[in-house]
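Visitor: sequence? don't have it. structure:
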């Protein structure tokens, strides 16, 4: 159950960083969706290691195989099993890590909770686990796109380098975002971010940042109060990603500095539709999408693995020192962009199906 | 399902603001817990309207009745049904709101999604819905307290008035928090916060703020990767509360400004236990509690209902104006403190049971 | 969770036989359904004790109150809370049962599992628990009826008295079934059944029987392989009822005596629709309804409480004797008829919503 | 979700009969269980086609690969992914079946529900789907065995040939059951059953039968009223299997012919433990295991595919005729024995974990 996500469009992921493969099963997919491995691969390539000179040099093609649920190019309504083989495994790089706990990693908690852990590349706690999310998310994205939803995530800040607000006023295009390795749609800022990432890497250090995600074309009606509010499920989705430390929707933490008279989004009739004149709500009111642009931010901490010696303890609790090895991203945020989009798609599609079921199956 | 929360300690809430009653059913409660209505009432009284001069004057005793699941003062393992009658209903105050959508409220999304809504006091979208959460949370809290867990929420900021960091260094006592109506443990700051709330109320306006929650005594092992990480379930719990806009755990958004070498929590052996020398992780690593203090922040927007005329539209989409009536909190944050604690208790207890099941049922 | 049933139309029941009340919460109900307490009461009256001279004389009006989820006579899409007060409580009748375990009752397993139990009238293990199911089922039934589904359960056998097969060839009307207290649509057999029940009662004994349930108007498409096959969910629904010992769909156990060439249902084109020439499948093929009449049987054991002295043990395991007291049905099967219908409605509606979500939300 | 089973020990299966592979993911497995592919293979070999001269000659090694969740021979608490490649695919055998609906198969309902189906070997509706259940069940069985539970299924009837009751009085050994290809522990009856199966096969026909399953060593406490009664979850598990038509626990349908005074299981103190003198309850009372032997029966219909021409309709609804091709079992029941055991293990282990969580995590 802890490795499943969603109620009606439900994914179950499995696999370890250096095990034979990583995979996901998608249950509940609407039938007759045309889908190809290439379409899923497109998103996996955006997440893939070694895609640019600011990511880990681990070489993984991350080639996806469709093992079930698709017949003659269309989904059949039965579970879709997707599998990606791990190819570039170098367990030897992790020998030291078997014996000691890496600071701010999952080693200690996994070992203590389960009494055992696969130490190679962090095993299940590795961010390679997100491959399954991205592969499943590619399917969800295509379904939502067929109804006009566009999901766009991008970086607004790396370390203390932030894109200017005005540069983000427009809904960015995929091209703008993919134009640079750092996936910040503001070119000039992107250049500075890349420079910063290279600088900290050369010092054996790491940095974090913030991803913003926006969705346009969302209908009114997604989200189910009281517990499965749209922002609640998005918050869970985002905080379930490795390295995330925060989530805010619409005005977020800054919104708590405003007065009600400044914060409220007023309704107006625009072109025959009820719209709001501002969007501090971030596209959600009362836990349900209101038809405005969905907007939220996710904070990522700096990569825990750094190429510097750090004090820690071994499995017996004795003091020791650990120096990061293996191949790591000095900043995970650029590769997290497609992951944030995938999780967003999974949440939205699940709620779309839930809304259909409760609110559009019966007319009385 | 959208009105249920938790997997093993599972609550289902129901009820509208001005309906006959509000309630909750708790399923999966461990048997033989001594529990009384008075113990549940204690927490409800902390959430109750009219408890101080900075909250809504709506008069509700919010008296809880135990209808099932308790026999001779002990839980029996069967579902516990708790009921609170609504007594101070003044539907007439909402007559205008039947015809128009209140800005930044759930009126529009509920009406559009369901094609119908109970307009009295916001119906199901009212924060009175949280009564069920607090009642159920009181039970969870007592169970956790029996194992030494202490959950403490308090206000760190109202509008732009923040308690100084050093005033929050120590784990605050319940007495410190309850000492003022605003539930900020730093007395001097509390006084300024109260003043601010009264000032904005006199202007027919409202403010928001930030609640911090800390838990001590948490064992290693709570939280289930990859989707049900502890921080993911806490984020969902908090963003499922009315008026919340953000969540951050440990270093949060600020943590994304640090380098890895500054952010990592180093392990050490302290008194024979493996501990970290800092706690930027906020008590969670790899999605599982690491035995350090759990710490997170929740952002609340200013109350949407303000006693000022605001432009909006009616059900047909025609422009109109609406002036807040009814009895409302100029700032919901002080009354949200026990609600945050309740949701925290529900998340932690559910994960405690899950950890017991998977990791402590079998020895091989 | 164990007190909840259904995924999208989800009910949660609570309450003990001699506690203050019994209730149910319905989550996920489609909005704008016109529903009144009287409509729910109609089904509760069919299940009510004291309704005829072959049922328990316990006097309970079983009056239902709607506490939430309905506004101006229509469902609002929010949880519907239904409550029935217990009025005729005579706990003293159960004093002896506190000290010893009634044979073939839940006393021993509840006591051993939970370490505590409410002994009054069996507490949660009493069949009064099914009040919540019937109340929620009344809503489900009305929704399904709006699409033309008719659910009809009736008794085909009491003890060894069975209705002749030819008498059940036609789909019985509600009037035929309600014509006698025993709810067997074949009048002559019904009379003999009633006679038998009275005879065993006069001997302080009890009998069981078999209920058949048929549903017509079922569309193709209800049921979700591989685990949530329609017959699987019906089997679970029926075996979750007190006193049930068996379930069979279509040809059932008898079908296992046939050859494939005798058992197969051949397809034909009847009036432009694909139909089967026989219905040994019972309306389900591959786990999904095939548009034919749904048909299944449920076996009920004789009531465990008999007015004869029976050897047993006390809580300490010492031999003792117990003589049934309290007010009991000598045969529970007639009152189980509306309960079987309710559970059937809950299963079908839940699958209807699930089918809508997966198969009718998107066209590609 | 429809392809997942269990709450805490949760499996998700995927795969089509003639797709590249069939698989299962197990989530929630207790950590540190020593497990090897060979142990899982042992159960798969019992289910494998071509294992004897009364089963289908389809040649599949059904070799299982462990892709995740096991490290150095022990489970790690993370999801276990198991994969079996399909090797003997002969899709051409199914060309005719693309165009017409096989009687009493899932072709029509799948096509109508999903608007598409994989016709090769029945696609997802093939009994090859149960490979994942058996593989996951092997793990559950091993865990339960570590606590002394023995699960034993066997055939009691094929067509109208039934083993004598006295031959089943003792709990049969695995050796007795595996002694014959038909898995009936009574040798003489087994011989007649095999003869019958061969006879009907030679006529191009098929037969069904009944499997009995018994479990000894079950503790008191498994099963969660009111909906997740042990027998309810077993009934669902069994009716979720292809070709099943009925389920009965303990006295079953026959029990409904007895009087209460004949049916009740009296309690006695045997060797210091509270036991019952008879077991018409089948090991479950009030929905919870009572420590007696668990006993239930499952009815299987005759195989739908027969090597005779049968009238049916094509996809457009036009009359046509279909002659069974492909390689099929004239009787599926012998190979269903390990499948029944697997499902039983899954239900029992899931309830074991649930019981641990609710009833053994806290002492007050």
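Guide: Structure received. In this text the structure is predicted, and so the values were computed from the model without any measurement.
Visitor: name the surrounding residues that touch the helix or strand bottoming out on mean pLDDT in chain A.
Guide: Sorting the helices and strands of chain A by mean pLDDT, DSSP states H and E puts helix A:95-99 at the bottom, at a mean of 79. With contacts defined as C-beta atoms under 8 Å, 6 or more residues apart in numbering or on different chains, helix A:95-99 is touched by A:107, A:119, A:314-315, A:320, A:322-323, A:325. Where you see a C-beta, it was placed from the backbone N, CA and C, and this is true even at glycine.
Visitor: from these, list just the buried residues.
Guide: A:107, A:119, A:314, A:322 (16 or more other C-beta atoms under 10 Å in any protein chain shown).
Visitor: so which of the residues you listed are also by chain B?
Guide: Subset of these in contact with chain B: residue A:107, counting by C-beta under 8 Å from any C-beta of the partner chain.
Visitor: among the buried ones among the contacts of helix A:95-99, name the ones in helices.
Guide: Counting by DSSP state H, these place residue A:107 in helices.
Visitor: redo the buried ones among the contacts of helix A:95-99 as a markdown table? Include pLDDT.
Guide: A markdown table is the format used below for the buried ones among the contacts of helix A:95-99 (pLDDT from 0 to 100):
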| residue | pLDDT |
| --- | --- |
| A:107 | 97 |
| A:119 | 93 |
| A:314 | 95 |
| A:322 | 93 |
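Visitor: okay, the buried ones among the contacts of helix A:95-99 in JSON lines with distance to residue A:331 next?
Guide: Formatted as JSON lines, the buried ones among the contacts of helix A:95-99 follow (distance: C-beta to C-beta, whole Å):
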{"residue": "A:107", "distance to residue A:331": "21"}
{"residue": "A:119", "distance to residue A:331": "24"}
{"residue": "A:314", "distance to residue A:331": "29"}
{"residue": "A:322", "distance to residue A:331": "21"}
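Visitor: closest one of the buried ones among the contacts of helix A:95-99 to chain C?
Guide: Closest approach to chain C among the buried ones among the contacts of helix A:95-99 (C-beta to the nearest C-beta): residue A:107, at 32.6 Å.
Visitor: tell me the pLDDT at the residue nearest to that closest one when sequence neighbours are not counted?
Guide: Leaving aside its chain neighbours, residue A:107 sits nearest to residue A:101 (4.4 Å; criterion: C-beta to C-beta, 6 or more residues apart in numbering or on different chains). According to the prediction, residue A:101 has pLDDT 96.
Visitor: you'd agree residue A:101 is up against residue B:267?
Guide: Yes - taking C-beta atoms under 8 Å as the definition, residue A:101 is a contact partner of residue B:267 at 5.4 Å.
Visitor: overlap in contacts of these two?
Guide: Residues touching both residue A:101 and residue B:267 by C-beta under 8 Å, 6+ apart: A:108, A:312-313, B:274.
Visitor: mind checking which of those residues are in strands?
Guide: A:312-313, B:274 (DSSP state E).
Visitor: for the residues you listed, give me JSON lines that also has pLDDT.
Guide: Converted to JSON lines, these look like this (pLDDT from 0 to 100):
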{"residue": "A:312", "pLDDT": "97"}
{"residue": "A:313", "pLDDT": "97"}
{"residue": "B:274", "pLDDT": "98"}
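Visitor: ok, and the most crowded of those?
Guide: Per-residue neighbour counts (other C-beta atoms under 10 Å in any protein chain shown) across those peak at residue A:312, which has 24 neighbours.
Visitor: enumerate every residue touching the closest residue in space to that residue that isn't next to it in sequence.
Guide: Take residue A:312 and drop its neighbours on the chain: the residue closest to it by C-beta to C-beta, 6+ apart is residue B:267, 4.5 Å away. If you count contacts by C-beta under 8 Å, 6+ apart, residue B:267 has them with A:101, A:103, A:108, A:311-313, B:274-277.
Visitor: change it to 6 Å
Guide: A:101, A:312-313, B:274, B:276 (C-beta atoms under 6 Å, 6 or more residues apart in numbering or on different chains).
Visitor: go on, residue A:58?
Guide: Counted by C-beta under 6 Å, 6+ apart, residue A:58 has contacts A:49, A:88, A:327.
Visitor: and it, backbone torsions?
Guide: Phi and psi for residue A:58, reported as degrees, to the nearest 10, are phi -50, psi 130.
Visitor: what's next to the helix or strand hosting residue A:188, contact-wise?
Guide: Element membership of residue A:188, judged by DSSP states H and E, is helix A:187-202. If you take C-beta under 6 Å, 6+ apart as the criterion, helix A:187-202 is touched by A:54, A:158-159, A:161, A:163, A:180, A:182, A:184, A:207, A:330-331.
Visitor: next, the contact list for the residue of the stretch 1-150 of chain A found nearest chain C, please.
Guide: Nearest to chain C in the stretch 1-150 of chain A, going by C-beta to the nearest C-beta, is residue A:30, at a distance of 4.5 Å. Contacts for residue A:30 (C-beta under 6 Å, 6+ apart) come out as C:358, C:362.
Visitor: in a helix, that's where residue A:135 is, yeah?
Guide: Yes - the assignment for residue A:135 by DSSP: H, G, I helix; E, B strand; the rest coil puts it in a helix.
Visitor: could you report the neighbour count for it?
Guide: For residue A:135, using other C-beta under 10 Å, the count is 29.
Visitor: three-state assignment of the closest residue to it other than its chain neighbours?
Guide: Among residues not flanking residue A:135 along the chain, residue A:82 sits closest, at 4.6 Å (C-beta to C-beta, 6+ apart). When classified by three-state DSSP, residue A:82 comes out as strand.
Visitor: quick one, strands of the stretch 101-250 of chain A?
Guide: A:150-158, A:161-162, A:209-216, A:244-249 (DSSP state E, counting those that start in this stretch).
Visitor: nearest to residue A:303, of these?
Guide: Taking C-beta to C-beta, strand A:209-216 is the member of those nearest to residue A:303, at 10.8 Å.
Visitor: ok, back up a step: in the sheet, who's paired with the residue nearest to residue A:312?
Guide: residue B:276 (DSSP bridges).
Visitor: residues contacting residue A:244?
Guide: By C-beta under 6 Å, 6+ apart, the residues touching residue A:244 are A:238, A:298, A:300.
Visitor: point out where the stretch 51-200 of chain A drops to low pLDDT.
Guide: A:89-94 (pLDDT under 70).
Visitor: taking it, what residue is nearest to chain B?
Guide: For the stretch 51-200 of chain A, C-beta to the nearest C-beta, closest residue to chain B: residue A:106, 2.2 Å.
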